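Colleague: Here is my input; please provide its structure:
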Amino acid sequence: MFDVTGEIWAVPLSNLEVPRVHRPLQWVPLAADQTVGDPGFHFPVVHNGMDYLLSVLEFLDEPTARDVKYAVLHLQAGTEVLLKWPLARRNWQLVVEPDGEGGICDEAQFHRGAFRSIGIAATRRLLKEELGVAISNRDFRAINALAEYRNRLQHFGMAGLAAAPVAAVEARAVKVLDFLLDFIHNHLRPHLDAGDTEHVDEQMELVRAGLNRVKALVEPRMERVRSDLADRADWAVECPECGQFAMVVDADQATVSCRFCHGVWSSQDAADAYVGEVLKTSTYESVKDGGEPPVVACIECIEETLIPRAAVAGDPNGATARCFTCDLIADLVLCDTCGVWMYEDETGMCDSCISWRLRD
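Modeller: Numbering: from 1, shown residues only. I've put the predicted structure just below:
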């Protein structure tokens with residue numbers, strides 16, 4: 001074991017993987033003198049959430065593989081706890097997932113923790129409906145990506161993750177922690193009592209300091225990526241793995257790679273990953289209600305790897321067409337007649353429709 005200063009108290013068994021002793025944060029102990037049998041062994045919900053955040057920043061300081069695992073698990077847990085707290089203060093029933101027949105636990109069961117909590121999508125919806133708190137699509141994507149990392153760690157040991165998981169996790173963690181800083185200040189504090197407010201303010205000083213250290217690792221790396229990309233930097237696509245605008249196409253090799261986390265995909269896999277992880281949709285979901293497919297055949301190379309509305313560094317709102325095979329970069333419009341994507345033209349019609357019209 002080790003105390004909050006990092007001093008080792010006992011020598012662990014030699015056949016166990018020993019957690020690295022983290023030193024960068026001066027912890028404000030939550031229950032330093034408590035033991036499990038003490039009546040006072042109690043971690044209030046908000047204290048628990050803040051404790052998770054602080055542990056994340058400890059784990060991401062020069063992380064080992066084991067540290068990365070716990071950073072993901074703790075950050076996801078802390079995010080869910082803190083996002084749900086304002087809802088629970090409004091009405092505890094809001095954070096309870098109904099059973100198959102629509103029933104929920106009683107209040108006594110709730111306070112014992114004998115219930116199933118709502119998921120993050122329901123939390124986002126209820127925050128908007130009940131409290132007027134909107135979580136942007138970009139922040140929600142970062143939180144969802146974190147949840148997917150958590151699931152893969154718990155069930156598959158991160159199998160299938162692109163190369164350099166540490167870089168990807170750090171980048172995702174920075175996005176989520178950045179979001180949480182604003183959420184805690186603007187939307188969590190108004191729902192705290194005086195004691196919790198004091199505790200959160202103390203812990204937030206440590207969180208900000210720790211986040212600055214993690215940012216100090218992520219941001220210089222991203223600056224190097226932008227420098228390496230040179231005049232292509234503005235056209236780098238948002239990476240589905242780490243969320244950084246660092247994914248570029250190698251048309252000669254028909255591959256797509258992220259210069260930040262070093263993930264590599266085939267053109268088709270990259271298009272599929274982008275649609276699923278960045279756009280958070282599918283062809284079926286997009287077209288079932290009359291929308292446009294998120295990935296189509298490229299107007300240049302004919303491969304079905306064209307994202308008509310991609311988010312790139314120079315246009316993060318997503319209005320630039322990118323092909324993940326031939327690296328087409330263009331502003332495209334829909335043909336007024338047949339609805340295919342085309343270069344903008346004063347006629348408003350694609351070449352095929354113009355030819356058809358001339359034959360008439």
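Colleague: so what's residue 92 up against?
Modeller: If you count contacts by C-beta atoms under 8 Å, 6 or more residues apart in numbering, residue 92 has them with 107, 110. C-betas here are computed from N, CA, C, even on glycine.
Colleague: Next, residue 129: secondary structure please.
Modeller: What DSSP: H, G, I helix; E, B strand; the rest coil gives for residue 129 is helix.
Colleague: CA-only coordinates of stretch 45-64 in CSV, if you can.
Modeller: In CSV, the C-alpha atoms belonging to stretch 45-64 read as follows (Å, rounded to 0.1, in the frame of the first residue of the first chain):
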residue,chain,number,x,y,z
VAL,A,45,-21.8,11.0,-4.8
VAL,A,46,-20.2,14.3,-5.7
HIS,A,47,-17.0,13.5,-3.7
ASN,A,48,-16.9,10.2,-5.5
GLY,A,49,-17.1,11.8,-8.9
MET,A,50,-14.4,14.3,-8.1
ASP,A,51,-12.2,11.6,-6.7
TYR,A,52,-12.6,9.7,-10.0
LEU,A,53,-11.4,12.8,-12.0
LEU,A,54,-8.4,13.3,-9.8
SER,A,55,-7.4,9.7,-10.2
VAL,A,56,-7.6,10.0,-14.0
LEU,A,57,-5.1,12.8,-14.0
GLU,A,58,-2.8,10.8,-11.8
PHE,A,59,-3.0,7.8,-14.1
LEU,A,60,-2.4,9.8,-17.2
ASP,A,61,0.9,11.3,-15.9
GLU,A,62,3.6,9.2,-17.7
PRO,A,63,1.1,6.3,-17.9
THR,A,64,1.8,2.6,-18.1
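Colleague: Report the buried residues of that stretch.
Modeller: 46-61, 63 (16 or more other C-beta atoms under 10 Å).
Colleague: and the gap between residue 154 and residue 264?
Modeller: 25 Å (C-beta to C-beta, to the nearest Å).
Colleague: now do residue 62
Modeller: 26 Å.
Colleague: can you give me the helices in the chain?
Modeller: Remark: helices assigned in the chain by DSSP state H are 45-59, 65-90, 107-112, 120-131, 137-156, 165-183, 194-229, 267-273, 283-287, 351-359.
Colleague: Residue 259: which of the ones you listed is closest?
Modeller: helix 194-229 (4.5 Å; C-beta to C-beta).
Colleague: And residue 240, its phi and psi?
Modeller: phi -70, psi -10 (degrees, to the nearest 10).
Colleague: confidence score at it?
Modeller: Note on residue 240: pLDDT of 86.
Colleague: Quick check: chain neighbours aside, which residue is closest to it?
Modeller: residue 277 (3.5 Å; C-beta to C-beta, 6 or more residues apart in numbering).
Colleague: So that neighbour is in contact with residue 241, correct?
Modeller: Yes - in this structure residue 277 lies within contact range of residue 241 using C-beta atoms under 8 Å: 7.5 Å.
Colleague: In terms of packing, which of those two has more residues around it?
Modeller: residue 241 (28 against 17; other C-beta atoms under 10 Å).
Colleague: Can you add mean pLDDT and distance to residue 339 and give the helices of the chain back as TSV?
Modeller: Output for those, formatted as TSV (pLDDT from 0 to 100; distance: least, C-beta to C-beta, whole Å):
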stretch	mean pLDDT	distance to residue 339
helix 45-59	86	46
helix 65-90	87	40
helix 107-112	83	51
helix 120-131	94	31
helix 137-156	80	25
helix 165-183	78	35
helix 194-229	79	34
helix 267-273	93	20
helix 283-287	85	11
helix 351-359	80	10
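Colleague: now those helices as a markdown table including distance to residue 251?
Modeller: Below are these laid out as a markdown table (distance: least, C-beta to C-beta, whole Å):
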| stretch | distance to residue 251 |
| --- | --- |
| helix 45-59 | 39 |
| helix 65-90 | 33 |
| helix 107-112 | 56 |
| helix 120-131 | 37 |
| helix 137-156 | 27 |
| helix 165-183 | 24 |
| helix 194-229 | 15 |
| helix 267-273 | 9 |
| helix 283-287 | 24 |
| helix 351-359 | 23 |
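Colleague: Next, the contact list for residue 349, please.
Modeller: Counting by C-beta under 8 Å, 6+ apart, the residues that residue 349 touches are 335, 336, 337, 342, 357.
Colleague: Once you drop chain neighbours, what's closest to the fourth one?
Modeller: Spelled out, it's residue 342. Per C-beta to C-beta, 6+ apart, closest to residue 342 is residue 350, 4.2 Å.
Colleague: so how far is residue 111 from residue 135?
Modeller: Counting by C-beta to C-beta, the gap from residue 135 to residue 111 is 27 Å.
Colleague: With residue 83 instead?
Modeller: Counting by C-beta to C-beta - residue 83 and residue 111 are separated by 20 Å.
Colleague: Between the two, which has more neighbouring residues?
Modeller: Legend: neighbour count by other C-beta under 10 Å for residue 83 and residue 111, higher for residue 83 (25 against 11).
Colleague: hang on, isn't the more buried one packed against residue 123?
Modeller: Yes - Residue 83 is in contact with residue 123 according to C-beta under 8 Å; the separation is 5.2 Å.
Colleague: How about the contacts made by the residue nearest to residue 94 when sequence neighbours are not counted?
Modeller: Of all residues not flanking residue 94 in the chain, residue 87 sits nearest, at 4.3 Å (C-beta to C-beta, 6+ apart). Contact analysis of residue 87 by C-beta under 8 Å, 6+ apart lists 94, 95, 123, 126, 127, 130, 131.
Colleague: Grab the nearest non-local neighbour of the fifth one.
Modeller: So that's residue 127. Nearest to residue 127 is residue 133, by C-beta to C-beta, 6+ apart, at 4.2 Å.
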